[in-house]
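Enquirer: Here is my input, please return the structure:
(one chain, ligands or ions: 1)
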Amino acid sequence: MSKNYSEEELYQFPFRDKSLELEERVKDLLSRLTLEEKFKLCSGRLMWHTKPIKRLGVKPFTMYDGPHGVRPDTMGEIKSTYFPSAICRAATWDPELSHEFGKAVAEEVRDVGAHMLLAPGINIQRTPMNGRTFEYQTEDPHLNKILAVATVKGIQSQKIAACVKHFVCNNQETNRFTVSSEVSERALQEIYLPAFKATVQEADAWSFMTCYNKVNGIYGSENYNLLRERLMEQWGFRGFTVSDWNATANTSTGSCVTAGLSLEMPTAKKYNKRNMKKAFQEGKFTEDSLNDNIKRLLRVMFLVGLFDDKNTLPSGNRNTLEHQSIARKIAENGIVLLKNKDALLPLNIDKLKKLAIVGPNANLKFGGGDMLAGGGSSVNYPPYEITPLEGLKQKCRDRVEIIETPSKADVTILFAGLNHEHGMDAEGEDRNKFELPLEQIELIKRTVKQNPNTIVILINGSPIAMSDWIDSVPSVIEAWYGGMEVGNAIANVLFGDVNPSGKLPLTFPKKLSDSPAHNSERSFPGVEERVFYDEGIYVGYRYFDKEQIDPLFPFGYGLSYTTFNYENLKLDKEKFTKNDTVTVSLDIVNSGNRSGMEIIQLYIQDIKSSIDRPPKELKQFKKVKLEPNERKTVELTLNFDDFSFYDDSTHSWVVEPGTFNILLGSSSRDIHLQKEIEYFE
Ligand code: GLC
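Expert: Residues are numbered from 1 along each chain as shown. Here you go, the predicted model:
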């Protein structure tokens, strides 16, 4: 066995020379690794680390979950900020907040001595029953892309690697280790791949996590077409791929190496020394493939500063007031006001005398607990968590009396929703019921009888049916799993310190059978471990629009305590061609008496096309803040890509000559202005 070099000797090697180009350093280190050392670098140890190569001073590269806060391997001893769930962050429609989240969580990753965060999770929400809906962002590819890019940029701004997951079509938990997602090329291109592709081409993602499932019959970890061809050759990915934990179980060593899987986690199975040697000797993979996989991992090791002095790296930070206020801001901006009959909200703290607070989710904590209590691998352990009840007690203090009897209160707040127990919002299995638990429905009906001024606040991470009770409830708020500051966020919204501005990032169907994935067992949860994406590109609102089904609440929907007018839509041209951009401008006016934020949504509609296209597709959006009576002119820019569809026959993106409608709305079903434009060749 070759001797270990001393630190002084190692400093002489080019790969330790910071003045050299990154690729030079990678090349030098790669050239010094023996074949056995390369095999060692291909698999993890102790759940969260790569193996050290002591001879060359290569330290372990450490990665931790998760998408809502960092979770070091200390069973909760080391605390960290518990940010709102990804679906809550998506409901803000605010890429700046996503970037702020990314930066903050990366500071915490650095502070605990790690190099990569196993996030963001950006799988499309194809079915509301997916157990991990709360960990993902949206049903729409454009919103998914914008928020994913911002999150990755935020994380990597701190020289911490983002690990974009789970690549790809991991859209359910049922049979997640073996199911094959059978999906068309057009649906891949228009719905499932765009956000992943954008994190590479717009955010230079340093890592991708391969999915448990098969895609069109081939496991994600050995899927040559997905990894080597699309991700690396077509998109230009320069980072490394890591398997989901034990996702290589049913694969073969040679096919994973050849496909481009750099790192097998959490430990060496297919990539153990014996298997690697045997597969290599049998010609199941080439040294070139192996070298490329290793080079990618080494590259990211240099990017995160694994070989640099700690004092030259961004400093870590954890559990700071700044991070906690970011968590609160995301929760406040992610809250969606679904109903507010007779403007019962906001409550007036000076006039309200007695407030009743009831319901199973009023005082539940979702951070921490065992893996299951927190929803699976996304759990982390905050230093504190303000529950809704605690937040309201702090807000009301001695100004409003908080009681538990609705009939004796002026207003009652009823906290309902789901949790991370089996069959609800939890990794490892999908939801087993679309409605609220029966006892909650009965509680709502009972409470409304005792006090008609009952506000229902939902704490959950995925759509639920409400038809049983919503007509009898004057106000409804969707507050999601809003992280460690959710109680303060809810209290601020209820009493009007914050005007709710969130919009639904996915459709809330009236009933499950209205949802496109639920037309047959084939399409969910699948038959004989194959799930058929028969709906194709018609995911979410695309389907509800095409089939003219009214949802309970549409994609992009959310009320405010004020009102907004859309006026004066203008296009800078009436006709456009391939290399043109189209500038859309409109005025947005706050016609109410309270400042607020509005998310303007721009959809396109291809009036006549040779193949079927959705009635509308989101292509731009912008969140604007307006004081009462303030008017702002907003400009949004479109280009060829925004009007295009993927043409299977030519494997290319196409815009056909003809008329398009440009639609401006406050939700996918509330279009306020529209104008036609002509595309010509
Ligand atoms: C889990 C999850 C993945 C997580 C990993 C490590 O099974 O699928 O999202 O990052 O394993 O915990």
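
Enquirer: Mind splitting the protein into its structural domains?
Expert: Using automatic domain parsing, the domain parsing of the chain gives 12-312, 328-546, 564-679.

Enquirer: and those as a markdown table, adding mean pLDDT and mean neighbour count?
Expert: All C-beta atoms are positioned from the backbone trio N, CA, C, and that covers glycine. Output for the domains of the chain, formatted as a markdown table (pLDDT from 0 to 100; neighbours: other C-beta atoms under 10 Å):
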| stretch | mean pLDDT | mean neighbour count |
| --- | --- | --- |
| domain 12-312 | 98 | 22 |
| domain 328-546 | 96 | 20 |
| domain 564-679 | 98 | 17 |
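
Enquirer: Redo the ones you listed as a markdown table? Include distance to the ligand.
Expert: Output for the domains of the chain, formatted as a markdown table (distance: least, C-beta to the nearest ligand atom, whole Å):
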| stretch | distance to the ligand |
| --- | --- |
| domain 12-312 | 4 |
| domain 328-546 | 4 |
| domain 564-679 | 26 |
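
Enquirer: I'd like to know which of these lies nearest to Lys3.
Expert: When the domains of the chain are compared by C-beta to C-beta, domain 12-312 sits nearest Lys3, at 7.3 Å.

Enquirer: now do the same end-to-end measure for the closest one.
Expert: 19 Å (C-alpha to C-alpha, to the nearest Å).

Enquirer: show me where the stretch 51-200 of the chain has strands.
Expert: 63-64, 116-117, 161-167, 180-182 (DSSP state E, counting those that start in this stretch).

Enquirer: Now render these as a markdown table, adding distance to Asp550.
Expert: Conversion of those to a markdown table gives the following (distance: least, C-beta to C-beta, whole Å):
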| stretch | distance to Asp550 |
| --- | --- |
| strand 63-64 | 43 |
| strand 116-117 | 40 |
| strand 161-167 | 33 |
| strand 180-182 | 29 |
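
Enquirer: any chance you could map the strands in the stretch 301-450 of the chain?
Expert: 336-340, 354-358, 401-403, 411-417.

Enquirer: Contact partners for Trp480?
Expert: 84-85, 87-88, 91, 134, 331, 334-335, 458-461 (C-beta atoms under 8 Å, 6 or more residues apart in numbering).

Enquirer: got it, and Asp244?
Expert: Asp244 touches Lys165, His166, Met209, Thr210, Cys211, Tyr212, Gly220, Ser221, Met265, counting by C-beta under 8 Å, 6+ apart.

Enquirer: One more: Gly44?
Expert: Applying C-beta under 8 Å, 6+ apart, the residues contacting Gly44 are Thr50, Lys51, Leu263, Glu264, Met265, Pro266, Thr267, Ala268.

Enquirer: repeat for Leu389
Expert: Ile357, Ala362, Asn363, Phe415, Gly487.

Enquirer: wait, Ser560 sits on Asn499?
Expert: Yes - under the contact definition of C-beta atoms under 8 Å, Ser560 touches Asn499, with a separation of 5.9 Å.

Enquirer: Quick check: phi and psi on the residue in the stretch 551-681 of the chain positioned nearest to the ligand?
Expert: Closest to the ligand within the stretch 551-681 of the chain is Phe555: 25.1 Å, counting by C-beta to the nearest ligand atom. Here is the backbone geometry of Phe555 (degrees, to the nearest 10): phi -50, psi 130.

Enquirer: Can you tell me the closest non-neighbouring residue to it?
Expert: Distance criterion C-beta to C-beta, 6 or more residues apart in numbering; nearest residue to Phe555, sequence neighbours excluded, is Tyr541 at 3.9 Å.

Enquirer: picking up where we left off before, please report the number of neighbouring residues for the residue of the stretch 551-681 of the chain closest to the ligand.
Expert: Residues near Phe555, counting by other C-beta atoms under 10 Å, number 26.

Enquirer: Contacts only, for it.
Expert: By C-beta under 8 Å, 6+ apart, the contact list for Phe555 reads Glu139, Asp140, Leu504, Pro505, Leu506, Thr507, Gly540, Tyr541, Phe544, Leu618, Ser667, Ser668.

Enquirer: okay, these in TSV with distance to Lys278 and secondary structure next?
Expert: Shown next, in TSV, are the contacts of Phe555 (distance: C-beta to C-beta, whole Å; DSSP: H, G, I helix; E, B strand; the rest coil):
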residue	distance to Lys278	secondary structure
Glu139	44	coil
Asp140	46	coil
Leu504	52	coil
Pro505	47	coil
Leu506	46	coil
Thr507	50	coil
Gly540	46	coil
Tyr541	51	helix
Phe544	52	helix
Leu618	50	strand
Ser667	57	strand
Ser668	54	coil
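
Enquirer: about what we covered before: so of the contacts of Gly44, which ones are in strands?
Expert: Thr50 (DSSP state E).

Enquirer: Can you lay out the contacts of Gly44 as CSV showing distance to Trp245?
Expert: Listed next are these as CSV, based on distance: C-beta to C-beta, whole Å:
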residue, distance to Trp245
Thr50, 14
Lys51, 16
Leu263, 11
Glu264, 10
Met265, 5
Pro266, 5
Thr267, 9
Ala268, 13
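
Enquirer: which one of the contacts of Gly44 is nearest Thr659?
Expert: Closest approach to Thr659 among the contacts of Gly44 (C-beta to C-beta): Leu263, at 49.9 Å.

Enquirer: Figure out which of the strands of the stretch 51-200 of the chain is closest to Lys608.
Expert: When these are compared (using C-beta to C-beta), the closest one is strand 180-182, at 30.4 Å.

Enquirer: For that closest one, which outside residues touch it?
Expert: Strand 180-182 is contacted by residues 169-171, 213-217, 529-533 when judged by C-beta under 8 Å, 6+ apart.

Enquirer: Filter these down to just the ones in strands.
Expert: Among these, DSSP E puts Lys214, Val215, Arg530, Val531, Phe532 in strands.

Enquirer: hang on, isn't the last one packed against Arg522?
Expert: Yes - between Phe532 and Arg522 there is a contact at 4.6 Å, judged by C-beta under 8 Å.

Enquirer: and Phe366, what does it touch?
Expert: Neighbours of Phe366 in contact, by C-beta under 8 Å, 6+ apart: Tyr82, Ala373, Gly374, Gly375, Glu385, Asn419, His420, Ile459, Tyr481.

Enquirer: Many thanks, have a good one.
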